[in-house]
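**Student:** Take this sequence and fold it.
(2 chains)
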Amino acid sequence: MIQQHSVLLKEELCEGCTNCVKDCPTKAIRVHQGKATIKEELCIDCAECIRTCAYHAKYTRTDSIEDIADYDYPVALVPPSFYGQFIDYSPGQVIKGLYKLGFKGVYDVAMAAEALTYKTIDFLKNTKELYISSSCPVVVRLIKLLYPELIDQLIPFKPPTELMAQSVRKELLDSGLSEQKLGIFLVTPCPGKTSTVHNPLGVDRSFIDKAIPVDKVYHSLLEVMDKKNSESEGKKGLTPYLGIKWGQSGGEVDLIKPAILNKTIAVSGIHNVKDILEEISRNNITDIRYCELSACTGGCVGGVLNVINPFQAKYNLKKLAEEHNKAVNQDYCLYSYQLSSEFKPVEVARLDSDIEKAMEKLAQLEKEIDLLPGLDCAACGAPDCQTLAEDIVTGKAKRSDCIFILREQVEDLADQMSELAHSIPPIMRKKRREEKAGTQKEVLKGENNKNESK
Amino acid sequence: MEEHAILEKEIDKGDFSRGGEASSELKALLRKLGINNTIIRRAAIVTYELEMNIIIHSEGGNIKAAVSSDEIFIYIDDEGPGIEDLEKAFQPGYSTASDEVREMGFGAGMGLVNVKNYSDQLEIDTAPGEGTSIKVVIAIK
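**Tutor:** Numbers count the residues shown, from 1 in each chain, chains lettered A, B, ... in the order given. As a prediction, this is how the structure comes out:
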């Protein structure tokens, strides 16, 4: 299947600096000919480069709110974190606003998140090992790519967004709606979730049709929502569920931990996530049964497509969660939790498909690493010397891409030229000497003239 | 089958801050060779336990890793007190680590037990006061 990523580059804005290259957790970016290029097979759509780029050259490909018009029956799936974007508007008002924008149905992903909480607790009670939440698609992709040995420790259930979309789809089609008329729109806080629509995880085909970013919905909503004076009306409206906690780091674990003797941990931020996965991988995590991992710092409220700052969003969501601390009345068995497609490793790290050849290349790699200066300056366009060495061995870069090596080569060349310059044929030597003496005299004369003019 | 050395690292006594480096490096190298993930994880766990043993129990040593087309070899060689009672060292939970080390979350007495569980072949050469040499072999297929 063709990979369709959500994080893309606006070439005209890229200055060719290597900030994104160095910060990318999967070393997926190189700068070539002054422009960054993202290696599709390594990109996990974590959006770190969007955060890092000072020139705003990285962006997220998303669907548009105008796409609603393409469907007779468009519905919106609202993720828990979305409510954290508002402090002057209650969830009820937000939901009403979405109807005004043209959606014929609005559904809370928090409902599915809540159901998944209970399913996960059941699962953990019947197992002994440490398990990792599979709700953040970026974390799942990171594991598939860099920690494939941990795939079996991912919670083997669909994430809340797909669970909810599947349930909504079934409900509406069962009620007689035709498949062509229904359009399920996910309001997404991050490119990670946007990508799952085209590159689904754990399902053969996503149950979501379109992903529209929070920022686009937010501004349209502000135009149509009722102001605070009608708050009472809003609060009595639809209520978000206990699952709303999933919108921020630590929320999942808050709901799950009482059932498993508090043996849980929540880690957020892609680099922290990498650190804990490394520890899990070497068996250096003790006593913990459940790890909630979010690629964005602070959880989904920290997604790059959100509008307000993540700290305020976290506060807003926490406050809401305190007000709505009751479980929703729903039948948890109605969701179809089982994955229809297993999480599979992504094999891109190997140097060669033949182990003998791979070993030869590994030896070559060691040699290249020894040649390079080890400064990890990224001026070659690769994030560090190790990666440049790999690119050289696999034929994707040249040794002279390293400016230090290039400089050494220039120096050698200069030495050679100087040597050659001095090895002129004997017949020319005398003439040359005279010429040199002549120019020196000229110089001396010039200096004398200067002194006189003072 | 010919062995290709792929990793060699000196390890200092008590250098907890660098514990796990050899294991992570080996893991990355084995992945480049396209070795099966379950095997890589076993090698990573064995390496981690062995390097931590050098840090915790010895006066310093080194760790080496090599591969052939069908096996992974991990060697450690340390200067230190040696292992007094090998039989006890293989009992789960038996540990000679200090309270300080245990407080850091190490020395739970599972080190050599894990090494044994995750390796296909294990040779230990040790004597009190003479240091310890260990060879581990893990089959690739």
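**Student:** B:Gly34 is in contact with A:Ser353, correct?
**Tutor:** Yes: applying Cβ atoms under 8 Å, one finds A:Ser353 in contact with B:Gly34, separated by 6.6 Å. All C-beta spots, glycine's among them, are computed from the backbone N, C-alpha and C.
**Student:** gap between the most centrally placed residue in chain B and B:Lys9?
**Tutor:** Residue closest to the average C-alpha location in chain B (Cα atoms, centre = their mean): B:Leu50, at 2.1 Å. B:Leu50 sits 11 Å away from B:Lys9, taking Cβ to Cβ, to the nearest Å as the criterion.
**Student:** what's the longest helix in chain B?
**Tutor:** Here the longest helix in chain B is taken by residue count, with DSSP state H as the criterion, and it is helix B:37-57.
**Student:** quick one, what contacts the one residue in chain B that gets nearest to chain A?
**Tutor:** Evaluated by Cβ to the nearest Cβ, chain B has B:Gly34 as its residue closest to chain A, separated by 3.4 Å. With contacts taken as Cβ atoms under 8 Å, 6 or more residues apart in numbering or on different chains, B:Gly34 has the following neighbours: A:347, A:349-353, A:355, A:358.
**Student:** Kindly report the residues of the stretch 1-150 of chain A close to chain B.
**Tutor:** By the criterion of Cβ under 8 Å from any Cβ of the partner chain, the positions of the stretch 1-150 of chain A lying close to chain B are A:148-149.
**Student:** ok, 10 Å please
**Tutor:** The stretch 1-150 of chain A comes close to chain B at residues A:146-150, as judged by Cβ under 10 Å from any Cβ of the partner chain.
**Student:** What backbone torsions are found at B:Ala126?
**Tutor:** No, residue B:126 isn't Ala; it's Thr. Dihedral angles phi and psi of B:Thr126 (degrees, to the nearest 10) take the values phi -150, psi 150.
**Student:** With A:Ile276 instead?
**Tutor:** Dihedral pair for A:Ile276: phi -70, psi -30, per degrees, to the nearest 10.
**Student:** Around it, count how many other residues there are.
**Tutor:** 17 (other Cβ atoms under 10 Å in any protein chain shown).
**Student:** if I look at it, how far off is chain B?
**Tutor:** Between A:Ile276 and chain B the distance is 13 Å, computed by Cβ to the nearest Cβ, to the nearest Å.
**Student:** still on that earlier bit, so what sits against both of A:Ser353 and B:Gly34?
**Tutor:** In terms of Cβ atoms under 10 Å, 6 or more residues apart in numbering or on different chains, A:Ser353 and B:Gly34 are both contacted by the residues A:Glu347.
**Student:** secondary structure class for the residue of chain A found nearest chain B?
**Tutor:** At 3.4 Å from chain B, A:Arg350 is the closest residue in chain A, using Cβ to the nearest Cβ. At A:Arg350 the chain is in coil, as set by DSSP: H, G, I helix; E, B strand; the rest coil.
**Student:** Excluding chain neighbours, what is closest to it?
**Tutor:** Using Cβ to Cβ, 6 or more residues apart in numbering or on different chains and skipping the chain neighbours, the partner closest in space to A:Arg350 is B:Gly34 (3.4 Å).
**Student:** What segments of chain B are strands?
**Tutor:** Using DSSP state E, the strands found in chain B span residues B:4-11, B:61-67, B:71-78, B:121-126, B:132-139.
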